[in-house]
Structure formats: C-alpha cells, structure tokens
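Chemist: Requesting a structural model of the entry that follows:
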Amino acid sequence: MSDQPYQGHQGHQGHQGQGYDGYDPYQQPAPQAWPGQQTHDDPQAAQQYTQQWQGQTWQTQVHTPVTSGSAAPAGAAASAETSYLPSQGAGDAAAYQSGGWDGVPQGQAHAQAQPHAQFQSQAPFPSPTQQQSSGTDAQPADGEDPGYGPATLSGNSRVTDAQRARLEGRSPIIEPGMQPAALTALLGLLLSGAAAVGPYALVVPLVVLQAVTAAGWFRLNGMWPARQGIALAFAGAVTADVALLVADRAPAAILGTLGVWVLLALVLQLRSHADPDERMYGLMATVASAALAIIAAGYLAAEADAVTVGAMAVAVGVLARALPLPTVASVAVSLLAAAGAGVAGGAMTGVGAGGALLGAGAAVCALIGHRVASYDYPSRFVHFTAGVALPLAAAAPAVYVLGRALA
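Modeler: Residues are numbered from 1 along each chain as shown. Purely as a prediction, here's the structure:
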C-alpha cells in the first residue's frame with residue numbers, strides 16, 4: 001500500500017462536511033477537464049465555459065378575472081397584465097446569457113413555478129352568490145341605455161296566438177273562428193248540392209273532406225309532416241269510397257275497409273324502429289285519422305235527401321257557433337239554427353218535418369268535432385284543417401243513422 005492518502009476518499013469526506021443544505025437538485029454538474037485543459041476553481045468562471053440549455057416555459061402567474069363592471073382604465077390595465085407575451089428579440093439573448101428568464105437561473109425558476117402552480121390549482125371557483133353579485137354590479141347605471149328591454153309575453157309578431165295563450169296560462173280551448181267556419185259551411189253546401197245531383201258528383205267534395213280530415217288530425221296531435229300516416233289514412237278513405245260505389249253503397253264496405261286499415265296500420269308501426277312510446281302514439285294517431293277519414297264516407301252510403309239536409313244543417317250550425325257570443329248562448333243558437341235549416345231542407349226534399357231532428361242531430365255531432373279541433377292550444381294551421389273538416393266528418397254517422405231511421 002502507498003503512503004499517499006486516497007484522494008477520492010478525501011473528496012467524500014469533504015462532501016460530508018458540507019452537508020445537504022446547499023444542494024441544488026437542478027444544478028448541472030461541473031464539466032470534467034480534458035487532459036491539458038485548465039480548470040477553474042471559481043464556479044462563476046466555470047459557468048461561462050459550461051454549455052447550458054434554456055427554453056421558454058408556460059406562465060404560471062394567477063391573474064384576477066376582469067369583470068364587465070370594471071371601469072375602462074381598470075379593464076385596460078387588467079388586459080395589459082393578462083396579455084403578457086415574452087419578448088422574442090434581444091431580451092431573449094440577455095436572459096439566455098444570464099442563465100434564465102428575467103435573470104433567474106433555471107433551477108430557481110423551476111422551483112418558483114411549483115408554488116405558483118399549487119396556488120393556481122387550489123384557487124377556489126366563485127360561488128353562485130358571488131357570480132350573482134358580480135352580475136348585479138355589471139348592470140348599467142341610471143340614464144344609460146342597456147341595449148335591450150325586459151322580456152314580455154306580448155308584442156312579438158313571431159309568437160303565435162296558441163303560444164301566447166300557453167305562456168299566459170289561459171284556457172287551452174281556442175275556437176277556430178269565422179274563417180274556418182266559413183270554409184266548413186262552403187264544403188257543407190257543396191256536399192249538400194252534390195248529393196242532390198248523384199253519388200258520383202258527391203265523391204268530389206267528399207274526397208276533399210277526407211283529405212283535409214286525414215291531414216288535420218295528425219296536425220292536431222302535433223305530428224307533422226307525417227306523410228306516411230296521412231297517405232295511409234287517405235288511401236283508406238279512397239278505398240272505402242270505391243268499395244261503396246262497387247257494392248251499391250252497402251255500409252259493410254265501410255266496416256270492412258276500416259278493419260283492414262287498422263290491421264295495416266298495426267303492421268306498419270310494428271316494423272318501425274322508433275321507441276315503443278312513439279310507436280304506440282303513432283299507431284293511435286294513424287288509426288284515429290284513418291277511422292275518421294273512412295267514416296266520412298258515410299255521406300256516400302246515406303240517403304241522398306238525408307245528406308242534403310244534414311250537410312246544410314251542419315253548415316248553418318257551424319256559422320252560428322262562430323258568432324261572438326258566450327259559449328252556452330252560442331251552442332244554443334247553433335242548435336236552433338241547425339234545426340231550422342233542417343226544417344227548410346226537409347221541406348225541399350222528401351224528409352219532411354223530420355228534417356228538424358236530422359239537422360239537430362247532425363249539429364250535435366258537428367259541435368263535438370268543432371270542440372275537438374279547438375282543444376290543446378291549436379295553431380292556425382290546425383284551425384284551417386281540423387277545424388274545417390272535423391265538424392263535417394263527425395256528423396257523417398248521424399246523417400247516415402238518422403237518414404235511415406226517418407226514411
């Protein structure tokens with residue numbers, strides 16, 4: 001063994017004497033000197049010969065949020081603080097030579113970034129009460145124009161009458177009015193006049209009535225466009241008309257067509273990929289629409305004189321119901337007017353005095369259809385489809401039954 005002490009062991013002892021108080025985990029090790037290269041005892045002198053790598057980091061400072069109620073100078077100052085961008089020019093070179101950004105060494109800058117990140121992650125979000133108070137502070141002062149007015153339920157032309165009534169909590173019953181009643185009266189008079197001409201002439205206004213009935217019922221139930229359901233219901237109505245003409249206006253043609261179309265609607269809904277609730281709702285709407293359109297073919301199966309009297313009574317009764325009167329008075333006036341029209345129609349045909357009963361019975365069914373078309377905040381389109389067709393379609397069974405009874 002040599003008498004010379006082990007130098008590495010001495011360095012280890014010196015390291016123990018210094019302790020870990022000054023230890024920097026991010027400090028780069030001093031470069032080893034090459035043979036023949038001069039070493040430097042001064043760390044500052046050795047640092048300038050040490051290769052260092054420096055890069056930009058994300059800014060971790062916490063900035064206070066800028067509220068809308070702040071004044072313009074304060075907002076400009078806050079935006080200036082929050083819109084910090086490090087310079088890309090000579091300042092980068094100076095910062096690079098100094099060992100870090102803003103003269104801070106890399107190790108110290110990383111050590112300072114950790115408390116900022118922890119503080120930012122622990123910063124609580126503003127509570128709803130604070131947000132409400134900040135929103136209250138952001139309201140304009142007296143005399144300033146806020147740029148918009150308070151929300152209202154009236155005065156907006158884009159809001160329909162049905163939507164306004166629903167928002168205001170009014171009754172869901174909105175009657176069609178005089179214009180749909182006039183269209184119903186016109187269609188009723190066409191049916192009355194065509195029945196006096198013959199069954200083939202009666203088919204023309206009857207097909208129009210059945211088409212409007214099929215479309216109006218779907219629209220009344222909020223299902224639109226529903227082209228498949230409307231086409232299915234209208235096809236059933238046309239099939240019933242053809243079957244009546246072929247079978248010499250036998251009522252069994254109506255029942256047979258109705259049964260076949262109910263089964264067809266059931267099969268089509270079972271093949272649908274919609275939800276079970278939607279399929280059930282669509283099935284009920286399709287069956288009801290097809291049933292109403294097919295039942296309207298009862299005008300073709302009834303006696304010609306009964307159709308003339310009944311359609312005339314419905315036309316007059318619906319016009320009387322549209323008068324601006326209280327509900328009870330309007331219904332009473334409508335029934336009396338329909339009975340009077342039935343008496344007049346019975347005098348012109350072979351029905352006789354029984355025309356009053358026929359007219360009153362048809363008017364009762366027509367008022368039921370009128371009431372259905374007025375329910376659940378109907379739109380104007382519903383009024384001009386279901387409101388026009390349902391009174392006449394609902395009166396078809398009464399015209400057939402009473403016409404056969406009084407014949």
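
Chemist: Go ahead and confirm residue 355 touches residue 361.
Modeler: No. Because the distance of 10.7 Å does not satisfy CB atoms under 8 Å, residue 355 is recorded as not touching residue 361. Glycine gets a C-beta too; all of them are placed from N, C-alpha and C.

Chemist: which one of these two has more residues nearby?
Modeler: residue 355 (30 against 24; other CB atoms under 10 Å).

Chemist: Now do the contacts for residue 400.
Modeler: The contact partners of residue 400, by CB atoms under 8 Å, 6 or more residues apart in numbering, come to 251, 298-299, 301-302, 306.

Chemist: how about whichever helix or strand it is part of as PDB, C-alpha atoms only?
Modeler: Assigned by DSSP states H and E, residue 400 belongs to helix 386-406. Output of helix 386-406 as PDB, limited to C-alpha atoms (Å, rounded to 0.1, in the frame of the first residue of the first chain):
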ATOM      1  CA  ALA A 386    -109.100  20.000 -38.500                       C
ATOM      2  CA  GLY A 387    -111.300  23.000 -37.700                       C
ATOM      3  CA  VAL A 388    -112.800  22.800 -41.200                       C
ATOM      4  CA  ALA A 389    -113.100  19.000 -41.600                       C
ATOM      5  CA  LEU A 390    -113.800  17.600 -38.200                       C
ATOM      6  CA  PRO A 391    -117.400  19.100 -37.800                       C
ATOM      7  CA  LEU A 392    -118.500  17.500 -41.200                       C
ATOM      8  CA  ALA A 393    -116.600  14.200 -40.600                       C
ATOM      9  CA  ALA A 394    -118.100  13.800 -37.200                       C
ATOM     10  CA  ALA A 395    -121.600  14.400 -38.500                       C
ATOM     11  CA  ALA A 396    -121.500  11.700 -41.100                       C
ATOM     12  CA  PRO A 397    -122.600   8.800 -38.800                       C
ATOM     13  CA  ALA A 398    -125.500  10.800 -37.500                       C
ATOM     14  CA  VAL A 399    -126.600  11.700 -41.100                       C
ATOM     15  CA  TYR A 400    -126.500   8.000 -42.100                       C
ATOM     16  CA  VAL A 401    -128.300   6.700 -39.000                       C
ATOM     17  CA  LEU A 402    -131.000   9.400 -38.800                       C
ATOM     18  CA  GLY A 403    -131.500   9.300 -42.500                       C
ATOM     19  CA  ARG A 404    -132.200   5.600 -42.400                       C
ATOM     20  CA  ALA A 405    -134.500   6.000 -39.500                       C
ATOM     21  CA  LEU A 406    -136.500   8.800 -41.000                       C
END
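
Chemist: Buried residues of that helix, list them for me.
Modeler: Across helix 386-406, burial judged by 16 or more other CB atoms under 10 Å covers 386-400, 402-403, 406.

Chemist: residue boundaries of the helices in the stretch 151-300 of the chain?
Modeler: 161-167, 178-197, 199-220, 227-246, 252-270, 276-295, 298-301 (DSSP state H, counting those that start in this stretch).

Chemist: Can you say which of those helices is packed in most?
Modeler: Most buried of the helices of the stretch 151-300 of the chain, by mean neighbour count (mean count of other CB atoms under 10 Å): helix 298-301, with a mean of 26.

Chemist: Who are the packing partners of that one?
Modeler: helix 199-220, helix 227-246, helix 252-270, helix 386-406 (3 or more CB pairs under 8 Å, 6 or more residues apart in numbering; DSSP states H and E).

Chemist: And those helices: which comes nearest residue 317?
Modeler: helix 386-406 (8.1 Å; CB to CB).

Chemist: and the angle for the closest one with helix 276-295?
Modeler: 50 degrees (axes from the mean of the first three to the mean of the last three CA atoms, to 10 degrees).

Chemist: average pLDDT across helix 386-406?
Modeler: The average pLDDT for helix 386-406 rounds to 95.

Chemist: mind listing what residue 199 touches?
Modeler: Residue 199 sits next to 245, 249, 300, 304 when contact means CB under 8 Å, 6+ apart.

Chemist: Check it and give its pLDDT.
Modeler: 92.

Chemist: How about the one 3 residues further on?
Modeler: Residue 202 is assigned a pLDDT of 96 by the prediction.

Chemist: wait, isn't it in contact with residue 193?
Modeler: No. Using CB under 8 Å as the test, residue 202 is too far from residue 193 to be in contact (9.3 Å).

Chemist: any idea how far the residue nearest to residue 223 when sequence neighbours are not counted lies from residue 163?
Modeler: Leaving aside its sequence neighbours, residue 223 sits nearest to residue 285 (CB to CB, 6 or more residues apart in numbering; 5.6 Å). Look at residue 285 and residue 163: by CB to CB, to the nearest Å, they are 22 Å apart.

Chemist: Repeat that for residue 191.
Modeler: From residue 191 to residue 163 the distance is 34 Å (CB to CB).

Chemist: Residue 283 reaches residue 267, doesn't it?
Modeler: No. If you go by CB under 8 Å, residue 283 and residue 267 don't touch, sitting 10.3 Å apart.

Chemist: Pull up the overlap in contacts between the two.
Modeler: In contact with both residue 283 and residue 267: no residue, using CB under 8 Å, 6+ apart.

Chemist: Now do the contacts for residue 316.
Modeler: 185, 337-338, 340-341.

Chemist: out of those, who's nearest residue 275?
Modeler: residue 185 (41.8 Å).

Chemist: and of the helices of the stretch 151-300 of the chain, who's closest to residue 373?
Modeler: That would be helix 199-220 among the helices of the stretch 151-300 of the chain, by CB to CB, at 6.6 Å.

Chemist: between the closest one and helix 178-197, what angle do the directions make?
Modeler: 150 degrees.

Chemist: From residue 181, how far out is residue 360?
Modeler: For residue 360, the distance to residue 181 - CB to CB - is 18 Å.

Chemist: now, the most widely separated pair of the contacts of residue 316?
Modeler: Counting by CB to CB, the most remote pair of the contacts of residue 316 is 185 and 340, 14.7 Å apart.

Chemist: Show residues contacting stretch 338-355.
Modeler: Contacts for stretch 338-355 (CB under 8 Å, 6+ apart): 192, 305-306, 308-310, 312-317, 320, 356-360, 362-363, 366, 402-403, 406.

Chemist: Not counting its neighbours along the chain, what's nearest residue 190?
Modeler: Distance criterion CB to CB, 6+ apart; nearest residue to residue 190, sequence neighbours excluded, is residue 205 at 4.1 Å.
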